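Colleague: Quick one: sequence plus predicted model below, questions after.
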Amino acid sequence: MPQNIIDEIKALAKSLGFVALGIARSHPIPQEVRESYISSLQEQGVGDMGYLERNLEVRFDPDKLVSGARSIIVGAFNYFPEKTQRTDAPQIAYYAYGKDYHRVVKDKLFTLLKYLQERIETPFSSRVFVDSAPLMERYWAVQSGVGKVGRNGLLIVPRFGSFCFLGEIVTTLELPADIPSEGSPCGRCMRCVEHCPAQAISKDGRFSPTRCLSYQTIEHHGSLAPKVIAQLGERIYGCDACQLVCPHNRFAYPHQEGLLKPAPDLLEMTSDDWKNLDNETFEQLFEHSAVQRVGFDGLRRNINSLLPSEDLESSTQSEK
């Protein structure tokens, strides 16, 4: 594989909004990584995310996704926003500000794949994934040199941070692999541990997904527990607390992808607007958005769970 093709596809990726692109040699997931994944599920539980326990053999071997897989191209796509919601209103995680990232990032990866198909005459097979298959994305991001996993469980991209989506091209092409990342990017920093409102992150790097407010406001079915309600603050969809305090994110810069930019109406929503949200307004604000994952009823559940400040303080004290 000529090096100039690799250089060109990385340059194209950068122009499309990727903050990093790396290549890993495809292989079955090592036994120790498999055991760690399974033991973590057993120890921490999966709650309503049963999909994490399914298709383990596929998750642990890319060859079962693409027969004859030789390489995995991993891209980290910037979603750090230029403009954010007013601070006195209920908050939505940055990743859900614009259109559904699955489609947006997939289209970018298909552009990269098309370029490869045009530049390489030998036939090859490939599939594109964006959080849409049982693929250990962060493992492959580390193997491809794209970044390192932080104490909060998120991928930290050097000279950028963690506000990025991950996407992959699993291919039968034999591509030159990048050097895998090594070590932790966190050192002695404990900011994410100290600022997590749900105490979902431990000092030793263990993460409890069912405690996380992103899980509670998005994946969890049914009503929210009083303890969770006391932790919400103004969050109604997801939580960016651990990212907002992460020192690595001081390097983040605003993306320029129009489809991921929030609608002006979303940024202008007041507390009263959210309290009076109806289905019609929901559809206008979140057409083709990741927020559709919880639907109108789920978002209304979260909005209705917000406590007045005096009730929040009282509820928090009762938990101590």
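Modeller: Everything's here; your move. Residues are numbered from 1 along each chain as shown.
Colleague: Leu135 looks like it's in a strand, true?
Modeller: No. Leu135: not assigned to a strand; according to DSSP: H, G, I helix; E, B strand; the rest coil it is coil.
Colleague: For Glu219, see how far away the closest residue to it other than its chain neighbours is.
Modeller: Leaving aside its chain neighbours, Leu135 sits nearest to Phe129 (5.5 Å; criterion: Cβ to Cβ, 6 or more residues apart in numbering). (Glycine included, C-beta is placed from N, CA and C.) From Phe129 across to Glu219, the span is 20 Å (Cβ to Cβ, to the nearest Å).
Colleague: Between the two, which is the more surrounded one?
Modeller: Higher neighbour count among Phe129 and Glu219: Phe129, with 23 against 18, using other Cβ atoms under 10 Å.
Colleague: Pull the number of nearby residues for Asn55.
Modeller: With other Cβ under 10 Å as criterion, Asn55 counts 14.
Colleague: what sits against the spatially closest residue to it that is not a sequence neighbour?
Modeller: Using Cβ to Cβ, 6+ apart and skipping the chain neighbours, the partner closest in space to Asn55 is Pro134 (4.2 Å). Listed by Cβ atoms under 8 Å, 6 or more residues apart in numbering, the contact set of Pro134 reads 51, 54-56, 58-59, 65.
Colleague: Out of the residues you listed, which is nearest to Lys148?
Modeller: Arg59 (20.9 Å; Cβ to Cβ).
Colleague: which of the contacts of Pro134 count as buried?
Modeller: Buried residues within these, counting neighbours by 16 or more other Cβ atoms under 10 Å: 59, 65.
Colleague: min pLDDT across the contacts of Pro134, which one?
Modeller: Within these, pLDDT reaches its minimum at Tyr51, with 86.
Colleague: Quick check: the gap between Lys275 and Gln216.
Modeller: 20 Å.
Colleague: okay, the two: which has more neighbours?
Modeller: More neighbours surround Gln216 than the other of Lys275 and Gln216, with 25 against 12 (other Cβ under 10 Å).
Colleague: Would you mind confirming that that one is in contact with Leu224?
Modeller: Yes. Under the criterion of Cβ atoms under 8 Å, Gln216 makes contact with Leu224 at 6.2 Å.
Colleague: Which secondary structure elements does the helix or strand containing Leu266 sit against?
Modeller: Assigned by DSSP states H and E, Leu266 falls within helix 264-267. Helices and strands touching helix 264-267, by 3 or more Cβ pairs under 8 Å, 6 or more residues apart in numbering; DSSP states H and E, are helix 279-286.
Colleague: Any idea how far the helix it packs on is from the middle of the chain?
Modeller: 23 Å (Cα atoms, centre = their mean, to the nearest Å).
Colleague: coming back round to it: take the contacts of Pro134 and lay them out in JSON lines including secondary structure and distance to Phe80.
Modeller: Below are those laid out as JSON lines (DSSP: H, G, I helix; E, B strand; the rest coil; distance: Cβ to Cβ, whole Å):
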{"residue": "Tyr51", "secondary structure": "helix", "distance to Phe80": "28"}
{"residue": "Arg54", "secondary structure": "coil", "distance to Phe80": "32"}
{"residue": "Asn55", "secondary structure": "coil", "distance to Phe80": "32"}
{"residue": "Leu56", "secondary structure": "helix", "distance to Phe80": "33"}
{"residue": "Val58", "secondary structure": "helix", "distance to Phe80": "32"}
{"residue": "Arg59", "secondary structure": "helix", "distance to Phe80": "29"}
{"residue": "Leu65", "secondary structure": "coil", "distance to Phe80": "29"}
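Colleague: surely Phe129 meets Phe165?
Modeller: No. Between Phe129 and Phe165 there is no contact under Cβ under 8 Å: 11.4 Å.
Colleague: Now do the strands in this protein.
Modeller: Assigned by DSSP state E, the chain shows strands spanning 18-25, 71-78, 91-92, 126-129, 148-149, 155-156, 164-171, 235-237.
Colleague: tell me the mean pLDDT for the first one?
Modeller: Strand 18-25 comes out with an average pLDDT of 98.
Colleague: what angle separates it from strand 164-171?
Modeller: Interaxial angle of strand 18-25 relative to strand 164-171 (axes from the mean of the first three to the mean of the last three Cα atoms, to 10 degrees): 40 degrees.
Colleague: Who are the contact partners of Arg235?
Modeller: Arg235 neighbours (Cβ under 8 Å, 6+ apart): 90-91, 93, 197, 213, 217, 302.
Colleague: With that, I have no additional questions.
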